[in-house]
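Student: Have a look at this prediction, sequence included:
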Amino acid sequence: MAGAIYRKPVSFALMATVAVLVGSVVTMAYPMLRPEMHPRLDSLKAFTALQLAGRDVYQREGCVNCHTQTVRPLRSEVVRYGDYSKAGEFYYDRPFLWGSKRTGPDLAREGGKRPDAWHYKHYANPQSIEKKSNMPKYAFLAEARLDPAEVASHMRALGLAAAPEELAALAQKTEMDALVAYTQWLGHAVQRKAGGGALDLAAVNPLGDSPHAIARGQKVFADNCTACHGDEGHGVPEVAPDLLDDSFLGEKPDMPDGAWFALIHDGSDAKGALGRKGMENGGMTAFGGQIPDDDIWAVISYLRAQMAHEKKEAPTMEKVEHKGQERKP
Amino acid sequence: MNEYRYDNQTVQGFILSSIFWGVVGILVGLLISMQLWAPALNFTPWLSYGRLRPVHTNGLALGLGVGAIFGLTYYVVMRLCRRPLVFPRLARAQLWIFNLAIAAAAVTLMMGKTQSLEYAELEWPLDIGVVVLWVMFAVNVFATIVKRREEQMYVSLWYVIATVVAVAILYLVNNAFIPAGLWKSYHAYAGLNSANVQWWYGHNAVGFIFTTPILAFFYYFLPKTTGLPIFSHRLSIVSFWSLVFAYLWTGAHHLVYTPLPDWIQTLAIVFTMFLIAPSWGSVVNGYYTVGADWSKMRSQYLTKFFVVGITFYGLQTVQGPTQALRVVSQLIHYTDWVPGHVHMGTMGWVTMTICGSIYYVIPRIYGTEIHSEKVANLHFWLVLVGQLIFSITMWITGIQQGAMWKVMNADGTLKYTFMDGLVRNYPYWHTRTLGGIIFTAGMVLFVYNVLKTIQKGKALQASQDPSPAPAAA
């Protein structure tokens, strides 16, 4: 009897259909009925017209082929990118863009991490910021104007609201503006860093001006800071400030060690506590947890050495190297 | 007895189309492999990595894969049913629409028209084209099977039927969309459901395009090539039903450690482990079949294509489930390990088996022999070596990448920046391109050999008989 099915193609096809449907129903269709598959964080904001246009560009250029948008609940990922991804962050994602390959870094927590200007510069020419990056250049996006009518139809398709003046304003925007706006949207629903805690204005750099600390600080600075603050710490116009001149240090040219530490450790979050205005859309990245506290202090040692060097106009780094050699046993 | 004729021209048309798109897909693959280490090769937006990668995957999955599936399935179905196709003109129309659709797919993907769903990138107008093609295929296959002249349906027909049914369900559900323009749509599902439906589709598209039809060919062409009957009919039955039942539960192993509910991930992992059994059912069946006379490996050059193919299928179906385990996934997921895994399956199992099948079919259409066994053997060794260099390189760098992402200092901070890890990939990416070049050289020999055989066959026909082609084998 069991063999009869292999002589009856119609029954056979029906049986094969049932076989493939069981798993499909249990793992794909049935979950759709469960509320746990439709969560929405209260803090999650729908796309604006500009952000959706940016997401369309992200899709069109196939960014998802190299970048993921989901931080796994693994210690190393949370330290590297920020809090792990929550189910309720993706309510508006059609389709989801979690990706399957990290040729480049995860972007789920990219929003608010860096200033807009950094992204404009990076998208136009990634190698101008990371010399060895293999990302293609997207300078052409800055030449392409948005079509408000097209974006409006996309907003309608998704049932998202957009005021007429918001749509009209798109005519002045480029695809690059849209992509940057979308990038800054990413991860907004989850607070990036606990913030605070590191601000202790009385803290004193435990490493002082030791030559080892300065040399170490120079290396840490080169690895983590030069992309925005320039090779010498003199900043990159509209991306990040010159760390050595008075306009940054303000009326207190001698910012205390504790304030320096807080700014590097907590990034933009520390600015409010310090009463500094900072940039819109993020600004300073929080390095707390990404690099060791000792390395943060070493960077401060290095920056102070640089400042002293600029004042004296003497070749400080050479001196540091010589001093280091002298002290070696 | 042969008062009917098999429709060999359509079969050959699909095979040649599939070879053409295969060459295109492989060349695009070579270019994007170089773009990974030479970003200056992203010449224009149309030729940038993000747009070309789907051209590579779709070109090979739909162009080479589905094209060969159409052609070889028709060949196998006609012979196992002992009759020509019920609708030969429909099949001929299908061949033309197929080529138009793949060409349109390549162009629109380069224009950036994409749904951003892996292996379901094509925008909705082309989705409709794919559905039409699949319906044409299904109608011909089912009609021919229903009106067959052989009572028993052989194993290959089971796999063909399962393929037709499963791909239809998968494709229709995952490509449900909200229209937003002629070439723009949004997924009908949002967030977690979008992810879950996509990987239910994504994994099973692999299952029912790169596994079941290829097994159908394996079960047909291995005994044909070697003259040895399949070792165990019972093992075929058990393997078939457990494979088609278990496959559909496993998609969420692509979503391990994502916000998808844990129970779906765990269920997927469990069924993925179970899948080793039916997969190896076919591996064992293949090995024991040839085991009846291993000298066939020496005496019949095609045997090694199938034996090596099924060997990589076996390795693939152990490596895959291993990757699904949480402890392994957290190290290798999102790294280059994964392309290494995929290419072992596609270059080692799928392409090897398809090439073996085509080497069998083309000479028989003309009642002749292959142009050159020597060239075929060289082709075999080149694609084998190329694939091994590719896969092994990617596994090594994948583990290195995954480890560098994880390593922490004593105080809980990260040891390496993301760029530190990326830079260490470059030498491996160079080596991968080298593997790809070797593989491509092998495939060029394959194309040459097939074309020469057809040329020889046509000359033979012209000299033998001015009237139409002979009834086929």
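Tutor: Received the coordinates, thanks.
Student: residue contacts, the spatially most central residue of chain A?
Tutor: Closest residue to the average C-alpha location of chain A: residue A:110 at 2.3 Å, with C-alpha atoms, centre = their mean. The contact partners of residue A:110, taken as C-beta atoms under 8 Å, 6 or more residues apart in numbering or on different chains, are A:183-184, A:186-187. Placement of C-beta: from N, CA and C, glycine included.
Student: Distance-wise, check it relative to residue B:427.
Tutor: According to C-beta to C-beta, to the nearest Å, residue A:110 stands 28 Å off from residue B:427.
Student: for the helix or strand harbouring residue B:431, packing partners?
Tutor: Of the helices and strands defined by DSSP states H and E, residue B:431 is found in helix B:418-464. Using 3 or more C-beta pairs under 8 Å, 6 or more residues apart in numbering or on different chains; DSSP states H and E as the contact criterion, the neighbours of helix B:418-464 among helices and strands are helix B:8-35, helix B:351-366, helix B:373-406.
Student: so what secondary structure elements neighbour the second one?
Tutor: Which is helix B:351-366. Contact analysis of helix B:351-366 by 3+ C-beta pairs under 8 Å, 6+ apart lists helix B:8-35, helix B:67-81, helix B:212-226, helix B:303-324, helix B:373-406, helix B:418-464 as its packing neighbours.
Student: is stretch A:45-65 anywhere near chain B?
Tutor: Yes: figure legend: stretch A:45-65 in contact with chain B (C-beta under 8 Å from any C-beta of the partner chain); contacting residues A:56, A:59-65.
Student: Return the member of those residues nearest to chain B.
Tutor: Proximity to chain B was ranked across these by C-beta to the nearest C-beta; first place goes to residue A:62, at 2.8 Å.
Student: Would you mind measuring from the closest residue to residue A:117 other than its chain neighbours to chain B?
Tutor: Excluding its sequence neighbours, the residue lying closest to residue A:117 (C-beta to C-beta, 6 or more residues apart in numbering or on different chains) is residue A:238, at 4.1 Å. Separation of residue A:238 from chain B (C-beta to the nearest C-beta, to the nearest Å): 23 Å.
Student: helix/strand/coil for residue A:238?
Tutor: Using DSSP: H, G, I helix; E, B strand; the rest coil, the secondary structure recorded for residue A:238 is coil.
Student: Look at the closest residue to residue B:111 other than its chain neighbours and say how many residues are nearby.
Tutor: With sequence-adjacent residues excluded and distances taken as C-beta to C-beta, 6+ apart, residue B:111 is closest to residue B:46, at 7.1 Å. Number of residues near residue B:46 (other C-beta atoms under 10 Å in any protein chain shown) recorded here: 14.
Student: Return the residues of the stretch 151-300 of chain A in contact with chain B.
Tutor: Where the stretch 151-300 of chain A comes near chain B, counting by C-beta under 8 Å from any C-beta, the residues are A:153-154, A:156-158, A:223-224, A:289-295.
Student: returning to what we had before: for the residue nearest to residue A:117, give its distance to residue B:157.
Tutor: Taking C-beta to C-beta, one finds residue A:238 at 67 Å from residue B:157.
Student: of the two, who's got more company?
Tutor: A side-by-side neighbour count of residue A:238 and residue B:157, using other C-beta under 10 Å, places residue B:157 first with 26 against 13.
Student: Would you confirm that the more buried one belongs to a helix?
Tutor: Yes: residue state for residue B:157 (three-state DSSP) corresponds to a helix.
Student: Wait, it touches residue B:145, no?
Tutor: Yes: under the contact definition of C-beta atoms under 8 Å, residue B:157 touches residue B:145, with a separation of 6.2 Å.
Student: hey, what's in contact with both of the two?
Tutor: Shared contacts of residue B:157 and residue B:145, counting by C-beta under 8 Å, 6+ apart, come down to A:9, B:77, B:81.
Student: Need the residues you listed in CSV (columns: distance to residue A:20, pLDDT and neighbour count).
Tutor: Written out in CSV, the entries for these read as follows (distance: C-beta to C-beta, whole Å; pLDDT from 0 to 100; neighbours: other C-beta atoms under 10 Å in any protein chain shown):
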residue, distance to residue A:20, pLDDT, neighbour count
A:9, 16, 95, 21
B:77, 20, 97, 23
B:81, 23, 96, 23
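Student: and which of those is nearest residue A:69?
Tutor: residue B:77 (43.4 Å; C-beta to C-beta).
Student: Next, the contact list for that closest one, please.
Tutor: B:85, B:141, B:144-145, B:157, B:160.
Student: Taking these, tell me the two that lie furthest apart.
Tutor: Pairwise distances across those (C-beta to C-beta) peak at 14.1 Å, for the pair B:85 and B:157.
Student: Could you list the low-pLDDT ranges of the stretch 101-250 of chain A?
Tutor: Where the stretch 101-250 of chain A drops to pLDDT under 70, the residues are A:192-198, A:246-250.
Student: Measure how far the helix holding residue B:431 is from the centre of its chain, please.
Tutor: Using C-alpha atoms, centre = their mean, to the nearest Å, we find the averaged C-alpha position of helix B:418-464 to lie 16 Å away from the chain's own average C-alpha position.
Student: between it and helix B:8-35, how many degrees?
Tutor: Using axes from the mean of the first three to the mean of the last three C-alpha atoms, to 10 degrees, the interaxial angle of helix B:418-464 with respect to helix B:8-35 works out to 150 degrees.
Student: angle of helix B:418-464 against helix B:373-406?
Tutor: Note on geometry: by the same axes, to 10 degrees, helix B:418-464 and helix B:373-406 are set 160 degrees apart in direction.
Student: Over helix B:418-464, what's the mean pLDDT, rounded is fine.
Tutor: The pLDDT scores in helix B:418-464 average 96.
Student: now swap in stretch B:368-377 and tell me
Tutor: For stretch B:368-377, mean pLDDT rounds to 96.
Student: Done for today, thanks.
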